[in-house]
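> only geometry, no sequence info:
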């Protein structure tokens, strides 16, 4: 199993380089893994809604039955398009763990500061429809980038993709940390 720390260190180093004056706009190259990172960020954005839907209910953050359903679905989608279902399961296990990381942090924040807790509950079934759509797109994007994900340059290209997504979507620290966690198994090298 890959440990997300090297990607985190690479992402920090890439961020430092991109933060130098003139370098952020001068980069003409876009990482081929940007769509993967962008979809992972979109998926993570749903964690806030999932947490809000579960807050104050008996719905747990850890939902093994739902997690298994997601893993089985993405593995079946992978098989249908000729991708490695085991590899897709590994990547989606990271997606799920990153989503739970955000949910746990939000629950901790809302417990410590009840005034910040959500006052309305999104419909979890509607949120899950969004997640399912993103999952389908992410499976396809992972399949499409198999050559890049198996190349020796995958880690730095993924780090650049994270920086590109960060620049585009402006996630906070929690969501950035979760994004890096969600991508831990993307590179196969």
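All right, it came through fine. Predicted model only: the values in this text are computed from it and were never measured.

> When you work out contacts or count neighbours from here on, use the C-alpha atoms and nothing else.
Noted.

> longest helix anywhere in this structure?
helix 85-112 (DSSP state H).

> For the helix or strand following that helix, name the packing helices and strands.
In the C-terminal direction, the helix or strand that comes right after helix 85-112 (DSSP states H and E) is helix 124-144. The contact analysis (3 or more Cα pairs under 8 Å, 6 or more residues apart in numbering; DSSP states H and E) places helix 124-144 against helix 34-54, helix 64-81.

> again, only this time at 10 Å
Applying 3 or more Cα pairs under 10 Å, 6 or more residues apart in numbering; DSSP states H and E, one finds that helix 124-144 contacts helix 34-54, helix 64-81, helix 85-112, helix 146-150.

> I figured residue 139 was touching residue 86, is that so?
No. Using Cα atoms under 10 Å, residue 139 is not in contact with residue 86; the gap is 11.9 Å.

> confidence score at the residue nearest to the spatial centre of the chain?
In the chain, the residue lying closest to the centroid (Cα atoms, centre = their mean) is residue 40, at 3.2 Å. Residue 40 is assigned a pLDDT of 98 by the prediction.

> before we move on, what about residue 30?
Residue 30 carries a pLDDT value of 86.

> and it, how many neighbours?
11 (other Cα atoms under 10 Å).

> ok, now which ones touch it?
Counting by Cα atoms under 10 Å, 6 or more residues apart in numbering, residue 30 touches 157, 160-161, 164.

> which SS state does it fall under?
coil (DSSP: H, G, I helix; E, B strand; the rest coil).

> And it, how close does it get to residue 186?
17 Å (Cα to Cα, to the nearest Å).

> How about residue 60?
Computed as Cα to Cα, the residue 60 to residue 186 distance reads 27 Å.
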